[in-house]
Every structure is written in structure tokens, then in C-alpha cells.
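Peer 1: A structural model of the following input is requested.
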Amino acid sequence: GNIGTSSSMAAFERMEEKVLEAEARGQAAHELGQAGLEQQFLELESGSGVDDELARMKEGMGIGGVIEGAPESNILQPSDSTPSQAEGEVVDAELEDLRRQLGK
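Peer 2: Have a look, this model is predicted:
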């Protein structure tokens, strides 16, 4: 039975190699998956920054969602009561903020 033992030993070694190879592949796929996820999160984060910037620019041009139901909208409508000093300061502060961000 010497021959039988050596061939089963070789078969076992081949099986072990396949298992190790499969484990290595699994590990590599896992690491690539992690990197892929991190990359997706980074892209999402940077993407939302672009959206915010666009929204701010639209607001600056008077296109954005400022008009729909926002408290500032009453300033845009003609009315006999003038906006209070405090409201004026808030608008000035927001404009100043926009200028700073656009100047970056």
C-alpha cells in the first residue's frame, strides 16, 4: 500500500492548495470590496458638496427654493410694511456668507 498512500497525500496537498487559493481570493475580494465602499462614500460626500454649492449659487441668483414658503419670500412681495431692521441684517449676513463661499 505505499503507492496508495503517496497518491492520496498528493491529492490532499492539491486540495489544500485549492483551499488556500480560495481563501486568498476571498480575502482579496473582501479588501477590494472595502476599498470600493470607501471610494463610494467619498464620492457621495464630495457629490453632496457640489449639490450644496449649486443650491447656494441658485439662491444667490434668486432661482432656488427661497421663494416657496420661506419666511424671506414676504420681502420679495410688495407690501406697505417695510422689513424690520433685524430681517435686513439677517439678509445682509446671508449675502456676506454667500460672497465668502463664492470667493473661495
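Peer 1: I'd like the average pLDDT over the longest helix along the chain.
Peer 2: Counting residues, the longest helix found in the chain (DSSP state H) is helix 2-61. What helix 2-61 shows for mean pLDDT is 83.
Peer 1: Tell me which other helices or strands it touches.
Peer 2: helix 85-102 (3 or more Cβ pairs under 8 Å, 6 or more residues apart in numbering; DSSP states H and E). Where you see a C-beta, it was placed from the backbone N, CA and C, and this is true even at glycine.
Peer 1: Only alpha carbons, please: show the helix it packs on as CSV.
Peer 2: Only the C-alpha atoms of helix 85-102 are listed here, as CSV (Å, rounded to 0.1, in the frame of the first residue of the first chain):
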residue,chain,number,x,y,z
GLN,A,85,-34.0,96.2,10.8
ALA,A,86,-33.4,92.7,12.1
GLU,A,87,-34.6,91.0,8.9
GLY,A,88,-32.4,93.3,6.9
GLU,A,89,-29.4,92.3,9.0
VAL,A,90,-30.1,88.6,8.5
VAL,A,91,-30.3,89.0,4.7
ASP,A,92,-27.0,91.0,4.8
ALA,A,93,-25.4,88.3,6.8
GLU,A,94,-26.6,85.6,4.4
LEU,A,95,-25.3,87.6,1.4
GLU,A,96,-22.0,88.1,3.1
ASP,A,97,-21.8,84.4,3.7
LEU,A,98,-22.5,83.7,0.0
ARG,A,99,-19.8,86.1,-1.1
ARG,A,100,-17.3,84.4,1.2
GLN,A,101,-18.2,80.9,-0.2
LEU,A,102,-18.1,82.1,-3.8
